[in-house]
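Asks: sequence and predicted model, in that order:
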Amino acid sequence: MLRDMTVVYYTCNREYPLLEEAVRKTIRRNSGDLPIVSVSHKRIEFGNNISVGMIEQSPEHVFMQLRIGAEIAKSRFLAVCEADTLYPPSFFQFQPSRDDTYYYPRDGYVTWSGEAVYHGKRMRELTGIVAREHLLRILDVMQEESNAVDRAVLSGRDETLRIDKVIAGLGRVESVDLGAVVTLKTDRGMHYTSPHTNRSDRHVLPTWGSARGMWKRHKGATKWD
């Protein structure tokens, strides 16, 4: 496993606490002994944690949190992780070869709370493997364009399209085999809707097993404390 990598995890702490806790346990287990930097709105016990306070949810603040995490992490590469997403061991075992490339999961899925199905999803948010210095360059541009991103969100457009454009304009983008990466959707998430394709529906995935069983393991699907 590549040693020169840090897990950078970010959250606004609005998701169900038990779900976020279960995701963090999975990240800790599957990432082995990689160092973890977490940037959250509330204080959490997860690696080297930085709390930014209960600020509003916005793309601009996501970029700010990622910048904090990237600046604290001193490794060459970063594994960027979100609070509502499951990452298999292979995600953290990937060994990138280029500093100018954003490596995205080729096999992305999304499932809504209590569903028995994983839907195919094109992973093009910020989840992925990327060189630290390259991510900082991307964030420079994204923060400059944050007003445009906010306008896209308010108008109902998908802000990931703009993120795509910036990332592709600053370097290479490559979809690679990082294992099955699964986004979990509940009514507490920042974005409940998510582009997906039913043509890639799966009831069972490597590492995670059945979708129904996965939700049961994550505190009973729709009943949260």
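Replies: Looks like it arrived, so ask away. Residues are numbered from 1 along each chain as shown.

Asks: show me what contacts residue 176?
Replies: Counting by C-beta atoms under 8 Å, 6 or more residues apart in numbering, residue 176 makes contact with 94, 103, 104, 105, 106. All C-beta spots, glycine's among them, are computed from the backbone N, C-alpha and C.

Asks: next step: the residues you listed restricted to strands.
Replies: 103, 104, 105 (DSSP state E).

Asks: how about the contacts of residue 176 in TSV, adding distance to residue 173?
Replies: Shown next, in TSV, are the contacts of residue 176 (distance: C-beta to C-beta, whole Å):
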residue	distance to residue 173
94	15
103	8
104	7
105	12
106	12
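
Asks: related to what we said a few turns ago, most neighbours among the ones in strands among the contacts of residue 176, which one?
Replies: Each of these was scored by neighbour count (other C-beta atoms under 10 Å); the top score is that of residue 105, with 27 neighbours.

Asks: what stretches of this protein score poorly on pLDDT?
Replies: Scanning the chain with the threshold set as pLDDT under 70 gives 1-2, 146-162, 189-195, 197-199, 219-225.

Asks: any idea which residue sits dead centre in it?
Replies: For the chain, the residue sitting closest to the mean C-alpha position, by C-alpha atoms, centre = their mean, is residue 82 at 3.0 Å.

Asks: excluding its backbone neighbours, what's nearest that residue?
Replies: Distances taken as C-beta to C-beta, 6 or more residues apart in numbering put residue 127 closest to residue 82, at 5.7 Å, once the chain neighbours are dropped.

Asks: tell me how many other residues crowd that neighbour.
Replies: Applying other C-beta under 10 Å, we find 19 residues neighbouring residue 127.

Asks: phi and psi next, for it.
Replies: phi -60, psi 130 (degrees, to the nearest 10).
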